[in-house]
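Novice: The sequence and its predicted three-dimensional model are supplied below.
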Amino acid sequence: MADPRFYTAAGPFTLNELAAVSGASIGEGANSEARFIDVQPLFLAGPDHVSFLDSPRYVESFIKSRAGACLVHPDHASKAPKDMALLLTEEPYHAYARVAGSFYPPAAFGNCAERSSPIDETANLGKGTTVTPGVVIGPGAEIGRNCHIGANATIGHGVVIGDDCVIGANASLAYCLIGHRVVILAGARVGEDGYGFAPGPREHLRVPQLGRVLIGDDVDIGANTTIDRGSSPDTVIGEGTKIDNLVQIAHNVKLGKNCLVVSQVGISGSTEIGDFVMLGGQAGLAGHLKIGDGARISAKTGVMSDIEAGATVGGYPAQPMREWLRGVAVIRKMGNKAGKT
Amino acid sequence: MADPRFYTAAGPFTLNELAAVSGASIGEGANSEARFIDVQPLFLAGPDHVSFLDSPRYVESFIKSRAGACLVHPDHASKAPKDMALLLTEEPYHAYARVAGSFYPPAAFGNCAERSSPIDETANLGKGTTVTPGVVIGPGAEIGRNCHIGANATIGHGVVIGDDCVIGANASLAYCLIGHRVVILAGARVGEDGYGFAPGPREHLRVPQLGRVLIGDDVDIGANTTIDRGSSPDTVIGEGTKIDNLVQIAHNVKLGKNCLVVSQVGISGSTEIGDFVMLGGQAGLAGHLKIGDGARISAKTGVMSDIEAGATVGGYPAQPMREWLRGVAVIRKMGNKAGKT
Amino acid sequence: MADPRFYTAAGPFTLNELAAVSGASIGEGANSEARFIDVQPLFLAGPDHVSFLDSPRYVESFIKSRAGACLVHPDHASKAPKDMALLLTEEPYHAYARVAGSFYPPAAFGNCAERSSPIDETANLGKGTTVTPGVVIGPGAEIGRNCHIGANATIGHGVVIGDDCVIGANASLAYCLIGHRVVILAGARVGEDGYGFAPGPREHLRVPQLGRVLIGDDVDIGANTTIDRGSSPDTVIGEGTKIDNLVQIAHNVKLGKNCLVVSQVGISGSTEIGDFVMLGGQAGLAGHLKIGDGARISAKTGVMSDIEAGATVGGYPAQPMREWLRGVAVIRKMGNKAGKT
């Protein structure tokens, strides 16, 4: 379930309403007036929840799911548990995007209430914390002791910040829980929507992003860096990790402890990175990878597959550093030869 | 002509004044007290306008132009229409930058008036639209219904936003017309100056950027992404296109409908991209290219020439994906061989 | 010494206190109650200062240093000048990070005082300068004539801005001295902390960044670009240089005059770039390099070593443009051949 600290579901919606919004048809025998209170993945959903089956990989979860309703392709309907109400559709993920968007419409993601006092009266600031002009702090935010919040920074509703943190000017934080002694420089964006869309041949539908960003103690985050919140799992930055300016960290990424991430690196969604990993400037990592502890990824490297612990890699696609440099030398030699003939 | 919704030309200026500011000399027979009200390209200019001829490519336009005055190299003077006043200079584009800068000085581009109320009384907000603390909205801005404007966001004068839009915290919008159901995340910059300079061996002169950004319905724009306004034509983002974080879109780019643009992509000036194009993370596109519908440009690709509709490309310079991967395999094999000898 | 315009050292601290905070032990014969007022490099330090020896390269400076105290590895202790108090440690740079962090704790870097008026009464604004809503200006800032400060921009304490400058909406400036006719677009971050950490096998320690950013006349800085302040020397942008959007300029970089730096370029720490250098989009430069006047570095190039004046380079690692293109042609030919067999 989405953290109630940050998210409040609209609804409940009846099966009829969900069919209407998603364009799905209601499966035989289902009670069209049954009410549902939230969306959930198959393995977590209960009788009050709507889920979806998007890929044959999850048919086992579907068969065992306790979800009260499920968006599903007609081909899989016969495998449904017998008490599950079915919403039949050729495009279950698109339909899910519409249903989830009904429970969590985009406007609900604005992170401060209208025309409230800039520092909401339900926000809680610890002793010794200084707030400079122009700062906006949303309802229910909790900020520890001896923090400094820079001018025109925005702290969204429900955000938690530990002690001895520094938040830079014009930075914005939303949907995040932040440890102690964290430094976030000017213009950093923590907790914005992940890039999650149900792509399609006619249109791409926004999928509500319902996770958070968890930031450990002693983390540094550079200027204008962006760290998106998780789609349903969380995005995690391990303690002691130091992130430079203009870095992109996508939804659901797990960055380990004491990593060094140099400027303009991009890490795609759901990639998991171990501890003490070094990422050189402008390196790019594809999604859903695993990078082992202590790996060193040199500047501008393009990583398209898993990297073992302790490895040093370069080039695009990434290969062991020595092999990359050997390849470079070979090309140069041949280029020079070609130049002489 | 620059959209009067956003731009107000200074002036009028006499031919004498324009000669003084540009360092040009007045051609024989011209009335040095004649007055001019604006700059215009050769093909649009009328008798009240100043234009310029910078390249032999445009000599035909020059010959047919109705411009009242024109900055031109002495070599081309003989081809001028007979009623055109000439401003003769060795560096017509530099001279134009100075003249245009007189009509549109940089300070005029600040997008909110001084010490006005944060929400200007001439701005118009639709029913159901919520504005959070710290938001600044300039004169004449029009915002539709049921929008949410995040804390400390800045909406410049004259900006138009449709219904059901969400503007993130600390974002800034200027010189743009935005459709319905558009989501713009925190820190995005829409409508800033394009990177337009008249380069030269002694100095580079800023050329006023007088276009707009047009954003279609259902567009998403990521955190800290920058979309520059056009120099004179507009920058256009087609409906349904989804743009990730930290993307750069330069002046005069046309992005088609339902494109997917992943984080840290850079698109250079005047490049035109079709519909349903996919651009992988950190890809870079040179300027003035045409990318066909449905093309897929993989991550980190460097595109230096046009791409056909439906093509899938990779590498730098970009080539068909299969060829790129074959080249990679060949280098690896040779590198390994070299490593063994 | 750090510029007192921007930095105020905490302290003084006794040798005992410095030993405690750094984990170093006090060398034989030193007065543990002696007081120190600041940190300084070996060659600048006097009797009231603490310095450190981190690398054998600086042993000569150590031998000649007038520093009152020095953090040093026990192996080098025997070479110390006889009046120098020693703080012995296996990790002098880590220990220095802790000592410098005591003199300059992170919270001291917030660039505006608490709950002051948004425009501090000790700030000084020239005639004709316009300030729009939401702007925050810190104590002691000095802004020249006829400037325009965009909505929600943040100007830190002590910042100096010349005449006829335009500062964009939501931009933030700190620890910088800015010339005349400078244009800084929305969301740019000038003067944030450099990425300076004492790395280690257990943790990475933040090293206080005590320099400034110096920006010459007629410089343009793009939207969401980040220019970090120096660590102890300054970061310098030469007059007439034009920087596009989303560019990263690290601490201690020296950019010459009239350079053109296209979007998404990254320049690593302490690299020095001559005049009239062109850097294409997404190019990346390693740290501590020297790039000669008039060099042209094409888009996406990765520069790992010095570049001569006037050279045109491409590829990664960078090589002369012609050689790079020849190498590309060779690979393509071989890839095609491999595809046919």
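Specialist: The structure has been received and is ready for your questions.
Novice: got the residue ranges for the helices in chain A?
Specialist: For chain A, the helices defined by DSSP state H occupy A:15-22, A:59-64, A:92-103, A:321-340.
Novice: May I have the residues that are in contact with A:Trp324?
Specialist: A:Val313, A:Gly314, A:Gly315, A:Ala318, B:Gly335 (C-beta atoms under 8 Å, 6 or more residues apart in numbering or on different chains). The C-beta positions use only the backbone N, C-alpha and C, and glycine is treated the same way.
Novice: Could you identify which of the helices of chain A is most buried?
Specialist: Greatest average neighbour count among the helices of chain A goes to helix A:92-103 (a mean of 23), per mean count of other C-beta atoms under 10 Å in any protein chain shown.
Novice: Using CSV, write out every CA atom in that one.
Specialist: Output in CSV follows, covering the C-alpha atoms of helix A:92-103 (Å, rounded to 0.1, in the frame of the first residue of the first chain):
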residue,chain,number,x,y,z
PRO,A,92,-4.2,-4.5,-19.0
TYR,A,93,-1.3,-2.2,-18.2
HIS,A,94,-2.9,0.8,-20.0
ALA,A,95,-6.2,-0.1,-18.1
TYR,A,96,-4.2,-0.2,-14.8
ALA,A,97,-2.7,3.2,-15.6
ARG,A,98,-6.2,4.6,-15.9
VAL,A,99,-7.5,2.9,-12.7
ALA,A,100,-4.5,3.9,-10.7
GLY,A,101,-4.8,7.4,-12.0
SER,A,102,-8.4,7.5,-10.7
PHE,A,103,-7.2,6.5,-7.2
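Novice: about what we covered before: now, which of the contacts of A:Trp324 sits nearest B:Gly240?
Specialist: Using C-beta to C-beta, A:Ala318 comes nearest to B:Gly240 of these, at 33.6 Å.
Novice: from what I can see that closest one touches A:Ile307, true?
Specialist: Yes - A:Ala318 lies in contact with A:Ile307 (C-beta atoms under 8 Å); the separation is 6.8 Å.
Novice: Dig out what the nearest residue to A:Lys242 once chain neighbours are set aside forms beta bridges with.
Specialist: Distance criterion C-beta to C-beta, 6 or more residues apart in numbering or on different chains; nearest residue to A:Lys242, sequence neighbours excluded, is A:Asp220 at 4.6 Å. When assigned by DSSP bridges, A:Asp220 has beta-bridge partners A:Val183, A:Lys242.
Novice: how deep is A:Asp220 tucked in, by neighbour count?
Specialist: Using other C-beta atoms under 10 Å in any protein chain shown, A:Asp220 has 25 neighbouring residues.
Novice: ok so, going back, mean pLDDT added to the helices of chain A, as TSV?
Specialist: Output for the helices of chain A, formatted as TSV (pLDDT from 0 to 100):
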stretch	mean pLDDT
helix A:15-22	97
helix A:59-64	96
helix A:92-103	95
helix A:321-340	86
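Novice: for the ones you listed, which one sits closest to B:Gly191?
Specialist: That would be helix A:92-103 among those, by C-beta to C-beta, at 27.6 Å.
Novice: Tell me if the closest one is near chain B.
Specialist: No - contact between helix A:92-103 and chain B is absent, the nearest approach being 10.6 Å (criterion: C-beta under 8 Å from any C-beta of the partner chain).
Novice: can you give me the angle that helix makes with helix A:15-22?
Specialist: Here the directions of helix A:92-103 and helix A:15-22 differ by 110 degrees (axes from the mean of the first three to the mean of the last three C-alpha atoms, to 10 degrees).
Novice: Give me the packing partners of helix A:92-103, helices and strands only.
Specialist: helix A:15-22, strand A:38-39, strand A:49-52, strand A:69-72, strand A:197-198, strand A:205-206 (3 or more C-beta pairs under 8 Å, 6 or more residues apart in numbering or on different chains; DSSP states H and E).
Novice: let's go with 10 Å and repeat that
Specialist: Helix A:92-103 makes packing contacts with strand A:13-14, helix A:15-22, strand A:38-39, strand A:49-52, strand A:69-72, strand A:85-88, strand A:197-198, strand A:205-206 when contacts are defined by 3 or more C-beta pairs under 10 Å, 6 or more residues apart in numbering or on different chains; DSSP states H and E.
Novice: about what we covered before: which neighbours do A:Ala318 and A:Ile307 share?
Specialist: The contact sets of A:Ala318 and A:Ile307 overlap at A:Leu285, A:Ala295, A:Ile297, A:Thr301 (C-beta atoms under 10 Å, 6 or more residues apart in numbering or on different chains).
Novice: from these, which are also near chain B?
Specialist: Among the shared contacts of A:Ala318 and A:Ile307, the residues lying close to chain B (C-beta under 10 Å from any C-beta of the partner chain) are A:Leu285, A:Thr301.
Novice: That concludes my questions; thank you for your assistance.
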